[in-house]
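**Student:** Sequence and predicted structure below; questions after.
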Amino acid sequence: MAAAAPPPGGPGGRAGRGGGVIVAGVHAVESGDGPPVLVSSGLGGAWFDWEQVRALLPGPRVLVFDRPGLGESPASAEIPSLRREVDLLRALAEWLGEPVVLVAHSMAAFHAEALARIHPELVRGVVLVDPSCEPGARARRHLTAALAPLAGAVGAGLEITGLARLCGPWSRRRVLALMSVRGDHTTPPELIKDVFGHGAVYGTMIAENTAYPEMAADLNALRGRAPFPPVPLEVITALGGVGDPEHWERAHADLAAMSPLGRRTVLRKARHMVMLDAPESVAAAVQRVLS
């Protein structure tokens, strides 16, 4: 049985926007009271991207959070890095009170894998949803620290000029047109405008994209030092719109092979936003790990 969560306003969290709580400095939305499932979005993602998955998981205690500066979370003074994201996942997992099933989309797979390697005692299993793969990444220069102020300035400029609020919903639609077959027809337009109408979100996305190769390189270095634990590992591969499906399948097969309990699901038609295109496949993977 999961440890009881601190009540909103208590030591571990307080009421946040979107009907959620603030935990470890980030906005999170929680449902259910069973074994804990911790969900992390990819670049630019928000908690509401997972609403269909949450609806299909009424039993587990599902916690979907927004990384600093994304969704409804306040920005952080600390720049994005693999260490920062692992520390955040660790804090959220400890708040949940028992080992978690990690569900991570796209670049968040870097963070989930790193947590499993560094803190295996916190991880019951892992579900990687169309995860990013950069096995050859070797970052020689750390540019994120130098470029982070520029990313913040871009975000501030979009906020001041009103361009973020004007173009935010349009940019969301354009991204989904490329990365999803079904699109998002369930999130209220006013919530989309509220989240993607703020310049800080775009500044954060630029900073995270800048940090991406460094995080990939740091993960590759970690793989040489810390083994992946023998926990259930589900890797979901989306091939819709992929230019080189054989390469993507091989890369994901290598990820699944990290654990003797690794398993792959290949979706031929779904695109990168699998939680929108095939929420039932994500929910089924979580249930397999829990069982």
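**Tutor:** Perfect, thanks for sending it. Numbering: from 1, shown residues only.
**Student:** List the buried residues of the helix or strand hosting Ala216.
**Tutor:** Using DSSP states H and E, Ala216 sits in helix 199-223. Neighbour-count burial for helix 199-223 flags 199-220, 222 (criterion: 16 or more other CB atoms under 10 Å). Every C-beta, even on glycine, is put in place using the N, C-alpha and C of the backbone.
**Student:** Over to stretch 26-41?
**Tutor:** Neighbour count says stretch 26-41 has 26-32, 35-41 buried, by 16+ other CB under 10 Å.
**Student:** ok, now which ones touch Cys122?
**Tutor:** Slight slip there: residue 122 is Leu, not Cys. Contact partners of Leu122, counting by CB atoms under 8 Å, 6 or more residues apart in numbering, are Arg90, Ala93, Glu94, Pro99, Val100, Leu115.
**Student:** ok, now how distant is the nearest residue to Val26 once chain neighbours are set aside from Val201?
**Tutor:** Leaving aside its sequence neighbours, Val26 sits nearest to Ser73 (CB to CB, 6 or more residues apart in numbering; 4.2 Å). Ser73 is 10 Å from Val201, where distance means CB to CB, to the nearest Å.
**Student:** Ok, Asp49 next?
**Tutor:** Applying CB to CB to Asp49 and Val201 gives a distance of 13 Å.
**Student:** all strands for the stretch 51-200 of the chain, in order.
**Tutor:** 61-65, 100-105, 123-129 (DSSP state E, counting those that start in this stretch).
**Student:** Show me what the helix holding Ala216 is packed against.
**Tutor:** Judged by 3 or more CB pairs under 8 Å, 6 or more residues apart in numbering; DSSP states H and E, helix 199-223 is in contact with helix 82-96, helix 108-118, helix 144-161, helix 163-179.
**Student:** Just give me the lowest mean pLDDT stretch among those.
**Tutor:** Of all these, mean pLDDT reaches its minimum on helix 144-161 (a mean of 69).
**Student:** give the contact list for the residue nearest to Val26.
**Tutor:** Gly25, Val26, His27, Phe65, Asp66, Arg67.
**Student:** Tell me how many other residues crowd Gly136.
**Tutor:** Around Gly136 there are 8 other residues, counting by other CB atoms under 10 Å.
**Student:** ah, wrong one, I meant Pro260
**Tutor:** With other CB under 10 Å as criterion, Pro260 counts 10.
**Student:** hmm, back to that, can you lay out the strands of the stretch 51-200 of the chain as CSV showing mean pLDDT and distance to Val86?
**Tutor:** Formatted as CSV, the strands of the stretch 51-200 of the chain follow (pLDDT from 0 to 100; distance: least, CB to CB, whole Å):
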stretch, mean pLDDT, distance to Val86
strand 61-65, 98, 14
strand 100-105, 98, 11
strand 123-129, 98, 12
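**Student:** between those strands, which one is nearest to Glu78?
**Tutor:** strand 61-65 (16.0 Å; CB to CB).
**Student:** just how off-centre is that closest one within its chain?
**Tutor:** Here the centre of strand 61-65 is set off from its chain's centre by 11 Å, with CA atoms, centre = their mean, to the nearest Å.
**Student:** Can you spell out which helices and strands pack onto it?
**Tutor:** Partner elements for strand 61-65 (3+ CB pairs under 8 Å, 6+ apart): strand 26-31, strand 36-40, helix 51-55, helix 82-96.
**Student:** can I get these in JSON lines with distance to Pro227?
**Tutor:** Output for the helices and strands packed on strand 61-65, formatted as JSON lines (distance: least, CB to CB, whole Å):
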{"stretch": "strand 26-31", "distance to Pro227": "29"}
{"stretch": "strand 36-40", "distance to Pro227": "21"}
{"stretch": "helix 51-55", "distance to Pro227": "29"}
{"stretch": "helix 82-96", "distance to Pro227": "16"}
